[in-house]
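> quick one, fold the following:
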Amino acid sequence: MGEEEQAEADGKSLLFSPITIRGVTARNRVMVAPMCQYHSVDGGPTDWEMVHIGRLAVGGPGILFGEETGVEERGRKTHACAGIWDDRHIPQYRRLTDFIREQGVVPAIQLGHSGRKASCHGAVRDWAPLRSEDAVDGLPPWQGIAPSQVPLDATRPPLKVIDRDDIRTVLNSWREATRRSLEAGYEILEIHGAHGYLIHEFLSPITNQRNDAYGGDREGRMRFALEVAEVVRDAWPDDKPLFFRVSAVDGKGGQWGLEDTVALSRELVARGVDVVDCSSGGILGESDMPPVPRVPGYQVGFAERVKRETGAMTVAVGLITEAEQAEAILREGRADIIALARELLWYADWPAHAARQLGADADYILVPEEYAHRLRAREAAKDMPINQGGEETKAAIRYLMGEG
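Predicted structure coming up:
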């Protein structure tokens with residue numbers, strides 16, 4: 001009997017039952033989704049990431065991703081983005097993974113490449129493009145790479161169109177970043193193929209206007225994504241899971257749709273990808289494709305369709321904020337893992353609280369023992385009868401209440 005069947009047979013929460021993928025077992029199915037922080041220095045994490053990651057790790061998830069991590073220096077969006085393009089980054093990330101593992105959580109890394117979204121300011125400045133005058137502040141712009149000369153918007157400088165040599169270089173960067181991720185102590189690796197970054201730019205006909213083997217029909221446009229998956233799977237141990245994040249559909253006016261994602265997912269599974277992480281958006285166009293409405297669980301249907309039609313395990317993410325909502329998605333067989341992002345920024349202990357709401361943690365086992373024993377003591381104190389302390393205690397209480 002599998003883990004899901006056993007949990008259902010025992011009447012236990014699926015959200016807080018273990019999940020095993022290849023040789024890695026997570027204690028529950030709550031996943032911290034990757035969230036860019038824009039606090040890295042020369043690609044490496046700083047004290048900010050340590051505190052940010054630590055805050056999330058003690059909250060009780062099963063799997064914890066840090067943030068999108070660039071496989072090349074030019075593959076960052078900003079100067080403050082995370083990266084793992086150099087061996088000097090390995091011990092810096094090892095500090096994070098050691099702490100995550102000590103909390104009983106599986107450390108996971110998402111590797112990506114910004115493509116045409118390179119060379120900009122951070123999120124709080126709405127990713128405005130870097131200009132030559134920014135060099136005075138130590139933020140010189142650099143040239144982004146892309147499958148075709150289709151800039152993000154008219155304010156951006158020309159891109160370098162990727163040739164075959166560039167493709168070989170980038171694929172090798174993925175291989176080396178995968179090796180470093182393993183040495184840094186990560187147990188799950190995700191390829192970021194979504195949100196309008198380099199891989200997604202190859203997939204969508206809006207941003208891929210090539211007429212060589214990496215463009216044209218869907219098969220050609222999928223070639224780069226599949227080659228990345230092959231390179232990473234070859235470098236990543238057989239006993240460790242490989243995830244792939246997709247934009248199941250382009251953004252408003254896009255052309256890459258759910259049928260395309262299902263086809264891509266089948267090919268990814270054939271190449272050793274274990275889990276498809278279903279997001280959306282990142283590339284805009286002029287077709288009649290509508291924007292994805294931001295309603296609770298708005299991307300769950302994508303995860304359900306990919307799971308049903310490909311046999312892949314899937315992650316559901318996007319405005320999942322309630323414990324019962326997350327549990328229902330799993331019980332209905334719509335996904336295998338539930339990812340949260342912004343809700344955890346607001347409420348980092350969400351997993352531990354959700355476990356208690358679902359009756360899966362009556363003894364505070366998901367939080368560190370340094371917290372748990374105090375919380376247990378509080379529970380015991382709340383249940384103590386007022387007369388349990390004897391006459392001396394009762395007299396003290398009367399005095400404090402102004403009754404004696």
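> any idea which helix or strand comes after the one helix or strand in the chain whose mean pLDDT sits lowest?
Every helix and strand in the chain was compared by mean pLDDT, DSSP states H and E; the lowest is helix 3-9, with a mean of 61. Per DSSP states H and E, the first helix or strand lying C-terminal to helix 3-9 is strand 19-21.
> mind listing what that following strand pairs with, with the direction of each?
Strands that pair with strand 19-21, judged by DSSP bridges, come out as strand 24-26 (antiparallel).
> quick one: buried residues of the partner strand?
Residues of strand 24-26 classed as buried by neighbour count (16 or more other Cβ atoms under 10 Å): V24, A26. For every residue, glycine as well, the C-beta is placed using N, CA and C.
> low-confidence regions, the protein specifically.
Low-confidence regions of the chain, defined by pLDDT under 70, span residues 1-11, 383-389, 404.
> now the helices for it?
3-9, 47-57, 89-102, 164-183, 198-203, 218-235, 258-270, 300-310, 323-331, 342-346, 350-357, 369-382, 390-400 (DSSP state H).
> buried stuff in the third one?
Read that as helix 89-102. Within helix 89-102, the residues scored as buried using 16+ other Cβ under 10 Å are H89, I90, Q92, Y93, L96, T97, F99, I100, R101.
> could you check how far the second one is from A57?
If you measure I90 against A57 using Cβ to Cβ, to the nearest Å, the figure is 20 Å.
> do the same with E391
Using Cβ to Cβ, we find E391 at a distance of 47 Å from A57.
> the two: which has the busier surroundings?
Shown here are E391 and A57; by other Cβ atoms under 10 Å, A57 has more neighbours (22 against 8).
> which residues does the nearest residue to that one once chain neighbours are set aside contact?
Excluding the flanking residues, the one nearest A57 by Cβ to Cβ, 6 or more residues apart in numbering is Q103, at 4.3 Å. Listed by Cβ atoms under 8 Å, 6 or more residues apart in numbering, the contact partners of Q103 are A57, V58, P368.
> got the phi and psi for Q103?
phi -90, psi 0 (degrees, to the nearest 10).
> swap in M401?
Per degrees, to the nearest 10, the backbone of M401 is at phi -90, psi 0.
> reformat the contacts of Q103 as CSV; add distance to P157.
Formatted as CSV, the contacts of Q103 follow (distance: Cβ to Cβ, whole Å):
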residue, distance to P157
A57, 40
V58, 43
P368, 48
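> which of the residues you listed sits closest to D239?
Using Cβ to Cβ, A57 is the member of the contacts of Q103 that sits closest to D239, with 22.8 Å.
> isn't that closest one right up against I100?
Yes: using Cβ atoms under 8 Å, A57 is in contact with I100, at 4.9 Å.
> overlap in contacts of these two?
In contact with both A57 and I100: L64, using Cβ under 8 Å, 6+ apart.
> against A118, how distant is V161?
14 Å.
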